[in-house]
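Peer 1: below are the sequence and a predicted model; questions follow.
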Amino acid sequence: MAQAARERRNSSRFDKAFPVYVTTSQGIFRGVARNISCGGMFIETRDLQPMGGRVTVCFADHASGVELSVVSEVRYQCVLEYGGREGRTALRGVGVRFVDFDTDIGMVVPGPPPSTSMH
């Protein structure tokens with residue numbers, strides 16, 4: 001079964017965590033983007049959204065002033081509970097599929113940053 005799941009993914013994943021802002025009909029909240037690909041990503045957040053719902057995800061780099069927004073569809077919800085030294089903990093989030101990139105924000109795409117080292 002793991003082999004079948006691997007074959008379903010036909011694009012690379014960017015395995016970094018970074019903050020995003022998510023806008024819904026109920027307001028704006030912060031999340032942590034993880035496991036991003038050209039087609040979607042996972043957003044770790046306390047604020048679960050209904051499956052099939054539309055959200056706008058904003059990626060912002062405050063240092064360069066670059067901002068990119070993408071309309072996304074919620075494909076799944078995830079709640080993982082686990083125990084540790086601190087007791088019971090939960091991770092919540094949603095998987096989203098990118099639907100449409102917002103081109104009305106006048107985004108400027110700069111060249112590579114001064115330091116291109118990956119950690």
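Peer 2: Ah, there it is.

Peer 1: only C-alpha atoms for contact and neighbour calcs from this point on.
Peer 2: Will do.

Peer 1: so what's residue 71 up against?
Peer 2: Shown in contact with residue 71 (Cα atoms under 8 Å, 6 or more residues apart in numbering): 54, 55, 56, 57, 98, 99, 100, 101, 102.

Peer 1: switch to 7 Å and redo it
Peer 2: Listed by Cα atoms under 7 Å, 6 or more residues apart in numbering, the contact partners of residue 71 are 54, 55, 56, 57, 98, 99, 100, 101.

Peer 1: run through the bridge partners of it.
Peer 2: Applying DSSP bridges to residue 71 gives these bridge partners: residue 56, residue 100.

Peer 1: of the contacts of residue 71, buried ones?
Peer 2: Burial by neighbour count, 16 or more other Cα atoms under 10 Å: within those this picks out 54, 55, 56, 57, 98.

Peer 1: roughly how far apart are the residue nearest to the fourth one when sequence neighbours are not counted and residue 37?
Peer 2: Leaving aside its chain neighbours, residue 57 sits nearest to residue 22 (4.6 Å; criterion: Cα to Cα, 6 or more residues apart in numbering). Taking Cα to Cα, to the nearest Å as the measure, residue 22 and residue 37 are separated by 17 Å.
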